[in-house]
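**Q** Fold the following.
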Amino acid sequence: MIAGILKEPTGEHRVAFMPEQAEVLVKKGITVYIESSIGNSAYADDDSYTSKGAEIKSRYEILSNASILFTIQPLSAIDIELLKENVVLIGIYQPFSNIQLIKELAEKKVTLFSMDMLPRTTRAQSMDVLSSQANIAGYKAVILAASFYPKYFPMFMTAAGTIAPAKVLILGAGVAGLQAIATARRLGAVVEVFDTRPAVKEEVMSLGGKFIEVEGAADPSAAGGYAVEQTEEYKQKQHQRIADAAAKADIIITTAQIPGKSAPVLITEAMLNAMKPGSVIIDLAAATGGNTAKTINAQKIKYNDVTIVGDSNLPATMPADASKLYGKNILNFLQLIINKDGQLNLNFEDDLVKGSCITHNGEIVNERVKALI
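**A** Okay, here's the model as predicted:
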């Protein structure tokens, strides 16, 4: 079997497999093709791959010969044209937002595993690319905020006077939010946290954050760890509590997303107008519309002396570790679909295999995706 590791689009500095992970495939008897300079941005040169047994091939050769392909970002329409039938494709395809692309892959008889659709169960933790990458995003969001914030994060007592600590508000206590809490606290900030899931209160407090409680949240237990739609009454209460906290905050980090829908706007224009001059917002939900009324994806803007950074791809700014973690997640997933002899063995009785498979045998097979068509 031939496995192909493809170079990512411009602006994406991560790579699906680092050399040591490519070596694992080679040891299974799998032929590994890579594009030249595939890992340069992640500080892994071609020699580090070839020394582990990988072979350098052109993109055309990889696309037209591989039985299984690994990416992070989706393939382009031109790439898809070159694929052979029944190839297995593994990456992050965000099918709810890319329905036309999913249709094209189905027509091409590609078997697509979209890792962002992996059921978020205890068994899947070692394969959860969203969590491994969100962890990095939460850390980097705080570091980025500190670089734009015109004051100190920690409290300082000096002969010239006392500097008060920065006040950080984090909206969403998922993996990214929890890492942001831990990082902000290590830098000496005072941290408040809002989340619609009351169950995360204990985790927030264990990291040194203060949990903002709003009564009447909808039950999120069936949402796989994501946020869910809330009642209008709850949204009004939420709005007021967030408005009060935002007006006092120096830094806001937003992480709230709902699968298949636009990100909820939690920081309105009125809230932005009430924020302190010099405040900073890092919006990790920018790719799905953003959690502020003024977020622009992949841009840093100034609004009323508030810096708003819309960036949903912060893991790409730390490509070496992000690639290492992503590749390890994929290797763990491969144990479910590749046998000991290095051959594909797709067991759709396995809930993780079934849940992450989007297209197979010329059809869209994921029920949640089919429901959108």
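**Q** Now do the helices in the stretch 151-300 of the chain.
**A** Along the stretch 151-300 of the chain, the segments classed as helices by DSSP state H, counting those that start in this stretch run 175-186, 201-206, 232-248, 269-273.
**Q** Save the ones you listed as TSV, and put in mean pLDDT and distance to residue 71 too.
**A** Where you see a C-beta, it was placed from the backbone N, CA and C, and this is true even at glycine. Output for those, formatted as TSV (pLDDT from 0 to 100; distance: least, C-beta to C-beta, whole Å):
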stretch	mean pLDDT	distance to residue 71
helix 175-186	98	22
helix 201-206	97	33
helix 232-248	91	37
helix 269-273	98	37
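**Q** which stretches of the stretch 151-300 of the chain have low pLDDT?
**A** Across the stretch 151-300 of the chain, the ranges flagged by pLDDT under 70 are 219-229.
**Q** Would you map the strands across it?
**A** Under the criterion DSSP state E, counting those that start in this stretch, strands of the stretch 151-300 of the chain are mapped to 156-158, 161-163, 167-171, 190-194, 210-212, 251-254, 280-283, 299-303.
**Q** As a markdown table, the ones you listed with distance to residue 39 would be great.
**A** Shown next, in a markdown table, are the strands of the stretch 151-300 of the chain (distance: least, C-beta to C-beta, whole Å):
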| stretch | distance to residue 39 |
| --- | --- |
| strand 156-158 | 41 |
| strand 161-163 | 42 |
| strand 167-171 | 33 |
| strand 190-194 | 36 |
| strand 210-212 | 41 |
| strand 251-254 | 30 |
| strand 280-283 | 27 |
| strand 299-303 | 28 |
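**Q** Am I right that residue 126 is in contact with residue 334?
**A** No - taking contacts as C-beta atoms under 8 Å, residue 126 lies outside contact range of residue 334: 11.5 Å.
**Q** Which one of the two is surrounded by more residues?
**A** Neighbour totals were compared for residue 126 and residue 334, and residue 334 leads with 22 against 14 (other C-beta atoms under 10 Å).
**Q** Assumed that one was part of a helix.
**A** Yes - counting by DSSP: H, G, I helix; E, B strand; the rest coil, residue 334 is found in a helix.
**Q** OK, contacts around residue 352?
**A** By C-beta atoms under 8 Å, 6 or more residues apart in numbering, residue 352 lies in contact with 118, 119, 121, 123, 124, 127, 333, 336.
**Q** rewinding a little: now the helices of the stretch 151-300 of the chain as TSV including mean neighbour count and distance to residue 113?
**A** Below are these laid out as TSV (neighbours: other C-beta atoms under 10 Å; distance: least, C-beta to C-beta, whole Å):
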stretch	mean neighbour count	distance to residue 113
helix 175-186	24	21
helix 201-206	15	30
helix 232-248	15	35
helix 269-273	15	40
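**Q** For residue 137, find the nearest of these.
**A** Across those, residue 137 has its closest neighbour in helix 175-186 (4.8 Å, C-beta to C-beta).
**Q** Show the end-to-end separation of stretch 268-287, please.
**A** 18 Å (C-alpha to C-alpha, to the nearest Å).
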